[in-house]
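**Q** take this sequence and fold it.
(2 chains)
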Amino acid sequence: MTIDGAWYLTLAAVLFTIGAVGVLIRRNVLIMFMCIELMLNAANLTFVTFSRELNDIGGQVAVLFVLVVAAAEVVVGLGIIVAIFRRRVGATADDPHELRG
Amino acid sequence: MLHFAYLIPLLPLGGFALLLSFGRRIGNPAAGWIATLAVTGAFVVALAALVALLGQAADARVFTQHWFTWFTVDRLSVGVGLRIDPLSVTMALFVTGVGALIHLYSIGYMEHDEDFAKFFTYLNLFVFSMLMLVLASNLLVTFFGWEGVGVCSYLLIAFWFRRPAAASAGKKAMIYSRIGDVGFLVAMFLVFERTGSLEYSTVFARLGHVSRASLVAIALLLFLGAVGKSAQIPLFPWLADAMEGPTPVSALIHAATMVTAGVYLMCRINPILHAAPVAAHVVAWVGVATALVAATIGCAQTDIKKVLAYSTVSQLGYMFLAAGCGAYVAAVFLMLAHAFYKALLFLSAGSVIHALDGEQDLKKMGSLRALMPITAATFFVGWLSIAGVPPFSGFWAKSAVLENAWALSPALWTIGAVTAVLTAYYMGREFFLVFMGDRRWSEARPGGELPRDPGWVMGVPPLVLAGCSFLGLFIDLPFHPTWSFLERWLQPVVGASLAVHHFGLAELWGFALADVAFALVGVAMAAAIWRAAVNRPRLEPRFLAMAWFIDWSYDRFIARPGTVVSSFAASTVDTRVIDGAVEGLARLVAGGGVFLRRAQSGYVRTYALTIVGGIVIVVAYLVTRAGS
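**A** Below is the predicted model:
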């Protein structure tokens, strides 16, 4: 039994929306970070779905690249977050706004 | 042949370069002697050029010497070179001759001046510029010399620049001649546009293709330049102020040489004037009007040098009258004679000023003939010469001018005759006030040593010039055609445009007797009025003492409104309009920045929201476009 590709795409869209809304409305940097990961994986899910539907391996290859980039991004992002934690008490995204014009 | 002529301007230039580099080290008086030697050398070379030209046939006496090409633009190619012809050699001779004498005189006159070397540096530069002016082979190089003498005139009038009057007189001379320079420049543009060249020989050869109106315009524009340089109506007030300069400068630049550059220019462009009689009439009338106005002003001045200054303006008016009448030979003759006697008068006046420790007021002089007999004698010769008493050169020159004026229009002659009487009168007034009458200077300088004749350095030049004023009569004698040396000499240059009149013997005698009568009437009037008197307020009305209020009205109606407009522009237009525009633009940008700055909140989530919003818009656009 195969599940229709549309379900996967719908799930990916829902995940992506949750991620995007999370990034926009949450103030905790760690949560925002997780939401970004959520959006990346929603995109990955879409890639894989289309790869299967279209019978094209390229989509799955792209997913591997995204995973690598995401891993690198996690390293950098967590580094920044740790640095912020060292300087400040909490990890609220609105606290560091020194770049305000 | 004549290749050595380049030395004429280059010797003074060399003197200038030497004094400019080492003048201060060479010092006083060696710097003065070097400058004098340079100009004397130029005089000797000019004499050699004269001899060489005399060795040629009369119609082969025009040489052009090309030095180098100054610049080439499209079809305009301007070369620097000399034009050696009878007119330019005559000018070069008297410029260097009178110049050398005045250099010599200056060594004595300036001996106590701390800027002794600088003075001679300027003088040599002046002589170089003047020689370039008269020897140039095209209009542009003439203009180069024209501006050069203007600069030197400025530098030397303002030589004692710590005196505010001298500094502003220098500026005034510069500004007045600048007005004339505009005319000269536009005339050059027009000449080039019409004939395609600035070389005198080429221009004159192509005059046939130029329309009458253009010729009149060219002649009048060049005349405007001459009016500025030679202090004619309406641009003459600067010359009286120029007397702030040292007296040798007044003698050299503002009497003998530079101010005659305008007359020289009129003689040089004689083919153009000949082809444009309207312009020639304007020249004649402006000249005679200036002669009369300046002579009346000269009757009421109380400064020894200002009388001479207005007298110079008046005599220059005579020269323009002659040039306008087509009597170029008479103009050059009067220019030579005037160079002699006016330089003589200025140098004698300088000796008087020197002896009286800088006193220039005629009313504070008097009775100097016994103490300064040589100066009195030389001044006397100058007076009789300018008055036109025979046999001095002034008589012959002035007669030649007046004859030609009569031939053009008896009205011109009448005004010229009145001026002749006035000339004899005001110079007589000056002579009597300075050398005769009661001693009025004793109160001015109590306990000082008595005024006396200067030493030989300052004494010889006036004597030589007095000799020239007398011998000048042999330059051009009217009795017989073969004795008209100057006329035959200038024939190759001005012959084609010369106005020739054949007067009968009776008419010639009539003119001569009339001229003598004018001179003697003026002399007698001066003697009768001023031999014993000092103050005759009715004969020195304020109107004349203030020079017809011409300078005053220029100041009131041009300079002051100009100042008001300038200060309005500075205080209102500049600060409000110009600065306002600049500052307004700056405020607009700053305000825009403040407004846009709000977008830069510093909150990461705001940026993210903006990005998402952008994505939504792009996607919505793509979707709707894909749908359509």
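
**Q** give me the element whatever residue of the stretch 101-250 of chain B ends up closest to chain A is part of.
**A** Closest to chain A within the stretch 101-250 of chain B is B:Lys171: 55.2 Å, counting by C-beta to the nearest C-beta. For every residue, glycine as well, the C-beta is placed using N, CA and C. Secondary structure from DSSP states H and E places B:Lys171 in helix B:164-195.

**Q** and what of B:Val78?
**A** Assigned by DSSP H and E, B:Val78 falls in strand B:76-84.

**Q** got the angle for the helix or strand following that strand vs strand B:76-84?
**A** With elements assigned by DSSP H and E, the helix or strand that comes after strand B:76-84 is helix B:86-109. Angle, helix B:86-109 to strand B:76-84, by axes from the mean of the first three to the mean of the last three C-alpha atoms, to 10 degrees: 70 degrees.

**Q** next SSE after helix B:86-109?
**A** Following helix B:86-109 in sequence, per DSSP H and E, is helix B:116-135.

**Q** may I see the buried residues of the helix or strand that that following helix is followed by?
**A** Downstream of helix B:116-135, the next assigned helix or strand under DSSP H and E is helix B:139-157. Judged by neighbour count using 16 or more other C-beta atoms under 10 Å in any protein chain shown, the buried positions of helix B:139-157 are B:139-150, B:152-157.

**Q** show me what the longest helix anywhere in chain A is packed up against.
**A** Assignment by DSSP state H gives helix A:58-87 as the longest helix of chain A. Under the contact criterion of 3 or more C-beta pairs under 8 Å, 6 or more residues apart in numbering or on different chains; DSSP states H and E, helix A:58-87 touches helix A:29-54.

**Q** name the residues of the helix it packs on that are buried.
**A** So, applying 16+ other C-beta under 10 Å, buried residues of helix A:29-54: A:29, A:32-33, A:35-36, A:38-51.

**Q** tilt between it and helix A:58-87?
**A** Angle between the axes of helix A:29-54 and helix A:58-87 is 180 degrees (criterion: the same axes, to 10 degrees).

**Q** what packs against helix A:29-54?
**A** Helix A:29-54 packs on helix A:5-25, helix A:58-87, going by 3+ C-beta pairs under 8 Å, 6+ apart.

**Q** looking at the ones you listed, which is buried most?
**A** Across these, averaging neighbours per residue (mean count of other C-beta atoms under 10 Å in any protein chain shown) puts helix A:5-25 on top, at a mean of 15.

**Q** can you spell out which helices and strands pack onto that helix?
**A** Helix A:5-25 sits against helix A:29-54, helix B:604-627, with contacts defined as 3+ C-beta pairs under 8 Å, 6+ apart.

**Q** pipe those helices into CSV and attach distance to B:Gly591 per row.
**A** Shown next, in CSV, are those (distance: least, C-beta to C-beta, whole Å):
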stretch, distance to B:Gly591
helix A:29-54, 35
helix B:604-627, 23
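
**Q** so which of those gets nearest B:Pro462?
**A** Closest of the helices and strands packed on helix A:5-25 to B:Pro462 is helix B:604-627, at 95.0 Å (criterion: C-beta to C-beta).

**Q** elements contacting that closest one?
**A** helix A:5-25.

**Q** contact partners for residue 19?
**A** All of this refers to chain A. A:35-39, A:42 (C-beta atoms under 8 Å, 6 or more residues apart in numbering or on different chains).

**Q** wait, chain B
**A** Contact partners of B:Leu19, counting by C-beta under 8 Å, 6+ apart, are B:26, B:31, B:34-35, B:117, B:120-121, B:124.

**Q** so, low pLDDT: which residues of the chain?
**A** I went with chain A, as the question did not name one. A:1, A:90-91, A:96, A:99, A:101 (pLDDT under 70).

**Q** not what I meant, chain B
**A** B:1, B:442-448, B:627-628.

**Q** for chain A, what are the nearby residues on it?
**A** Within chain B, the positions lying close to chain A (C-beta under 8 Å from any C-beta of the partner chain) are B:596-605, B:608-609, B:612.

**Q** for those residues, give me JSON lines that also has neighbour count.
**A** Shown next, in JSON lines, are the residues of chain B next to chain A (neighbours: other C-beta atoms under 10 Å in any protein chain shown):
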{"residue": "B:Leu596", "neighbour count": "10"}
{"residue": "B:Arg597", "neighbour count": "11"}
{"residue": "B:Arg598", "neighbour count": "9"}
{"residue": "B:Ala599", "neighbour count": "10"}
{"residue": "B:Gln600", "neighbour count": "13"}
{"residue": "B:Ser601", "neighbour count": "16"}
{"residue": "B:Gly602", "neighbour count": "13"}
{"residue": "B:Tyr603", "neighbour count": "17"}
{"residue": "B:Val604", "neighbour count": "17"}
{"residue": "B:Arg605", "neighbour count": "16"}
{"residue": "B:Ala608", "neighbour count": "16"}
{"residue": "B:Leu609", "neighbour count": "15"}
{"residue": "B:Val612", "neighbour count": "14"}
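
**Q** pull the most distant pair out of those residues.
**A** The largest separation in the residues of chain B next to chain A, counting by C-beta to C-beta, is between B:Arg597 and B:Val612 at 22.1 Å.

**Q** touching, B:Ile529 and B:Leu433? I think so.
**A** No - contact criterion C-beta atoms under 8 Å: B:Ile529 and B:Leu433 do not qualify, at 10.6 Å.

**Q** the more surrounded of the two?
**A** More crowded of B:Ile529 and B:Leu433, by other C-beta atoms under 10 Å in any protein chain shown: B:Leu433, with 25 against 15.

**Q** excluding residues flanking it in the chain, which one is nearest that one?
**A** B:Leu362 (4.3 Å; C-beta to C-beta, 6 or more residues apart in numbering or on different chains).

**Q** contacts only, for that neighbour.
**A** B:Leu362 neighbours (C-beta under 8 Å, 6+ apart): B:301-304, B:307, B:430, B:433-434.

**Q** between the residues you listed, which is nearest chain A?
**A** Distances from chain A to the contacts of B:Leu362, taken by C-beta to the nearest C-beta, are shortest for B:Asp303, at 73.9 Å.

**Q** tell me the phi and psi of B:Asp361?
**A** Main-chain dihedrals, B:Asp361, degrees, to the nearest 10: phi -80, psi 120.

**Q** that one reaches B:Lys305, doesn't it?
**A** No - contact criterion C-beta under 8 Å: B:Asp361 and B:Lys305 do not qualify, at 10.6 Å.
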